[in-house]
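Peer 1: next come a sequence and a model predicted from it.
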Amino acid sequence: MQAPSVGGVMLPRGNGQAVRLSRGASLTDFAEKINANPASLVAVMMNLGEMVTATQSVSDETLRLLADEMNYVLEIVSPEEEDRELLESFDIEFGEDEGGEEALVSRPPVVTVMGHVDHGKTRLLDAIRKTNVVAGEAGGITQHIGAYQVSSEVNGEDRKITFIDTPGHEAFTAMRARGAKSTDIAILVVAANDGVMPQTIEALNHAKAAEVPIVVAVNKIDVEGADPTKVRGQLTEFGLVAEEYGGDTMFVDISAKQGLNIEALLEAVVLTADASLDLRANPEQDAQGIAIESHLDRGRGAVSTVLVQRGTLRIGDTMVVGDAYGRVRAMLDDNGQNVQEAGPSTPVLVLGLTNVPGAGDNFLVVDEDRTARQIAEKRAARERNANFARKGVRFSLENLDEALKAGLVQELNLIIKGDASGSVEALESSLLQLDVGEEVDIRVLHRGVGAVTESDINLAMGSDAIVIGFNVRAAGRAEQMAEREGVDVRYYSVIYQAIEEIEAALKGMLKPEYEEVELGTAEIREIFRSSKLGNIAGVLVRSGEVKRNTKARLLRDGKVIAENLNISGLRRFKDDVTEIREGFEGGINLGNFNDIKIDDVIATYEMREKPRG
């Protein structure tokens, strides 16, 4: 039935009919669904006060406005549904084991360690892996995620267990929930001296929501004030009743620091898996699984840690991971050893992908390179359209409060760049969950791995976004471009600091006192060894000037390798000098820090008091 629409344009009326569209759809896509002329929908939008072209990706709100006007019910297809429909178009089933019961064989349990910050999650993984992960982490936080496989002897049989190492803080709710989806069992770490804390309950709720069995590790039993019995009593209130109290939850008293009862904990994990789970998969089918962590490696290109969930991944397989694809050139296990194949529940580092996939992206092996490329390109186009549909206005964190009060902005647009996809996703999910009231929305326009580039600054200029660099800096001319165009670029090495600063800005509490001023950058051309002073960097000053006794950071491929260094010595030829200017060569001594390589960049800066105005 035809009926006149706004402005005299004849359009079909929906009469409550449903229209399904993907994120970032255009008016042309809408017109195809209802057999209308795209130009007529443009006219309708103009009458509604919105200037939109026929082929432009538009936001969900704009599509809903149009649907309401024409009496249609709009259904936005979720990313998961979009992906399922995409794979079905290639006749691929994701998430299902092929064959009958006889094709399934037992696989190791996949375990996630959860709990309150500072209760010893990383130290527990450290004790299990016998390697030191804590040292060198900013703020003592697990900033990257990975996966590790260990062996334990249970009833005389060698049993393997896979651990997924997720960032351990109460803010990473989405990350934890995603980790739990790929997890069979959760280990809940509770300190015997602190007992149950709010974040302990939060972690417990995530594990329950994911419907995974829980093993409780009561840690720090060797410290003063430890009371494991109290922990058991507290957790009873949340439905975790210890076996010794007649329940079905295994509690193990441990000391991660002393290495006490670690084997007993691993045994409890295996026994819990045997008692409550049927962990089997088909190792003969094409491999499928999930990407745990990905980053750019200077020598190897894009590398990704993947967890095989079913099938067997082999060298030479063609795989798609999110919007990345490629042939598996090499696979490394968690000890850095080359492996030829990886079966169910096995984590491996994969080399050979075209670009860096996101943490949590699913992966699958396909028969042909062409199929892999088509799936990856369609996923990338879908994500690009969704990003184009987002829009917004430019300001910095300092003037955000005034802009909100003046009604100039209703949303805070962010671009997040980091050194690893797990960290980027953790930061994004934490920021999106900030409770900032009704006045403002937070939108992440783009996230990626690697240094802040000129294209990031261009995107920020066009959408008035704030750029966040997590453990990375601006590359090439991006820094000067940001300064010239007035784009606010923020650098962080601790996730909590970024969350607190943005939350403070949104609540009008940001009161900057000091700002970092870049003085100059120097590229390392040569390294001289000195028995007295350690390694001395022979440098060419690329920009600005390098001054003695100022702060510095070391960059390798745009990533921050070391923070808070001191320029303790400067030399020109044989003379000690106080500064070296742009275009000149010289020697730099970074005090006790000696981990320098040729092509590294030393960026110097000083903290100056920021005028309040």
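Peer 2: Cool, got the structure. Residues are numbered from 1 along each chain as shown.

Peer 1: where does residue 465 fall, phi/psi-wise?
Peer 2: phi -100, psi 160 (degrees, to the nearest 10).

Peer 1: nearest spatial neighbour of it, skipping sequence neighbours?
Peer 2: Beyond its immediate neighbours in the sequence, the residue positioned closest to residue 465 (C-beta to C-beta, 6 or more residues apart in numbering) is residue 413, lying 3.7 Å away. No exception for glycine: its C-beta is placed from N, CA and C like everyone else's.

Peer 1: pairing partners for the strand ranked longest in the chain, with directions?
Peer 2: Longest strand in the chain by number of residues (criterion: DSSP state E): strand 514-530. With DSSP bridges as the test, strand 514-530 is paired with strand 534-547 (antiparallel), strand 601-609 (antiparallel).

Peer 1: what sits up against the lengthiest helix in the chain?
Peer 2: Counting by DSSP state H, the longest helix found in the chain is helix 369-388. Contact with helix 369-388 is made by 22-25, 56-57, 79, 82-83, 86-87, 90, 318-320, 322-327, 354, 366, 445-446, as judged by C-beta atoms under 8 Å, 6 or more residues apart in numbering.

Peer 1: change it to 7 Å
Peer 2: With contacts defined as C-beta atoms under 7 Å, 6 or more residues apart in numbering, helix 369-388 is touched by 22-24, 57, 82, 86, 90, 318-320, 322-325, 366, 445-446.

Peer 1: ok, residue 314 - contacts?
Peer 2: 340, 341 are the contacts of residue 314 under C-beta under 7 Å, 6+ apart.

Peer 1: just list whatever residues bridge to it.
Peer 2: Going by DSSP bridges, residue 314 is paired in beta bridges with residue 341.

Peer 1: sorry, back to before: sticking with the residue nearest to residue 465, tell me its helix or strand.
Peer 2: strand 411-418 (DSSP states H and E).

Peer 1: tell me the strands beside that strand, with direction?
Peer 2: Partners of strand 411-418 in its sheet, by DSSP bridges: strand 441-449 (parallel), strand 466-470 (parallel).

Peer 1: any idea which of these gets closest to residue 223?
Peer 2: Closest to residue 223 of the strands paired with strand 411-418 is strand 466-470 (C-beta to C-beta; 32.9 Å).

Peer 1: now do whichever helix or strand comes after the closest one against strand 534-547, angle only.
Peer 2: As assigned by DSSP H and E, the chain's next helix or strand after strand 466-470 is helix 478-485. Orientation check (axes from the mean of the first three to the mean of the last three C-alpha atoms, to 10 degrees): helix 478-485 against strand 534-547 gives 20 degrees.

Peer 1: pLDDT on helix 478-485, on average?
Peer 2: The average pLDDT for helix 478-485 rounds to 82.

Peer 1: next, the buried residues of it.
Peer 2: Residues of helix 478-485 classed as buried: 478, 479, 481, 482 (neighbour count, 16 or more other C-beta atoms under 10 Å).

Peer 1: now stretch 255-263
Peer 2: Residues of stretch 255-263 classed as buried under the neighbour-count rule (16+ other C-beta under 10 Å) are 255, 256, 260, 261, 262.

Peer 1: from these, which ones fall inside helices?
Peer 2: residue 262.

Peer 1: please consider this matter closed, and thank you.
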